Every structure is written in structure tokens, then in C-alpha cells.
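Enquirer: What follows is a predicted protein model with its sequence.
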Amino acid sequence: MSARYSVGDPVQVRAAYPPGHVRTPYYCRGKSGVIVRFCGEFRNPEELAYGKYEGPVSPMYRVQFKQNDLWDDYSGSPDDHVEIEIYEHWLDPAQ
């Protein structure tokens, strides 16, 4: 599998809310950010949590978000940001 995104690419986290073990934080779903690092390829933790050890690896990225884009009531500096490691199957190109 090859990485779909590169550093600097704008992405949007899927606004999905499946039941069970999900590694992608709730507060960043549906939000847009920028790829700041390719972390490598790993087994999907959402599958591993249920004992599914077979299958392909998935690229993981570090995505940077502006904090005031994540939280409407954020009162800190508009330059503050947070970085979250997110698997590729949770990301779409930003619109």
C-alpha cells in the first residue's frame, strides 16, 4: 500500500460514528486539517481490537488542526494547534 497524502495536503476527517473501538477522536471528525507527517504503515487498530490480525496495513499520518476549528468556544490564541495521528481510511481530501 502506498501513502495517498503528502506533507502539506489539506484533508478532512470522515464524519463517521461507527460503534465499537475507534481510534479517531470524536472531536476531530468532520473537521479539516493539514498533513504534517507520514508516520508509516500499521495494522488497523480498529480490527486488532477484535482479534483480526490478518489483512493489509494502513498508512497513518499526523494531522494538524487549528484549535479554534475543533472547539467553537476555544478562547486561546488563533495560532494554537493540535496534532493527531489518524489512519488514512479516516481521511478524505479537504473540500
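Expert: Cool, the structure landed. As the structure is a prediction and not an experimental result, all values here were calculated from the model.

Enquirer: use CA for all of it now, contacts and neighbours both
Expert: Fine.

Enquirer: Show me what the lengthiest strand in the chain is packed up against.
Expert: As assigned by DSSP state E, the longest strand anywhere in the chain is strand 32-43. Counting contacts by 3 or more C-alpha pairs under 8 Å, 6 or more residues apart in numbering; DSSP states H and E, strand 32-43 is packed against strand 10-13, strand 57-66.

Enquirer: residues in contact with the worst-scoring helix or strand of the chain on mean pLDDT?
Expert: Each helix and strand of the chain was given a mean pLDDT (mean pLDDT, DSSP states H and E); the minimum falls on helix 45-48 at a mean of 84. Residues outside helix 45-48 that contact it (C-alpha atoms under 8 Å, 6 or more residues apart in numbering): 21-23, 53.

Enquirer: Check the secondary structure at the residue nearest the centre of the chain for me.
Expert: The centre of the chain sits closest to residue 86, judged by C-alpha atoms, centre = their mean, with a distance of 2.8 Å. With DSSP: H, G, I helix; E, B strand; the rest coil as the basis, residue 86 sits in strand.

Enquirer: Can you give me every residue that contacts it?
Expert: Residue 86 makes contact with 23-24, 60-63 under the criterion C-alpha under 8 Å, 6+ apart.

Enquirer: Touching, residue 42 and residue 54? I think so.
Expert: No. Using C-alpha atoms under 8 Å, residue 42 is not in contact with residue 54; the gap is 11.8 Å.

Enquirer: related to what we said a few turns ago, dump the C-alpha coordinates for the least confident helix or strand of the chain into PDB.
Expert: C-alpha atoms of helix 45-48 as PDB (Å, rounded to 0.1, in the frame of the first residue of the first chain):
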ATOM      1  CA  PRO A  45      -6.200  -0.900  15.500                       C
ATOM      2  CA  GLU A  46     -10.000  -1.000  14.900                       C
ATOM      3  CA  GLU A  47      -9.600  -4.500  13.600                       C
ATOM      4  CA  LEU A  48      -6.900  -5.600  16.000                       C
END
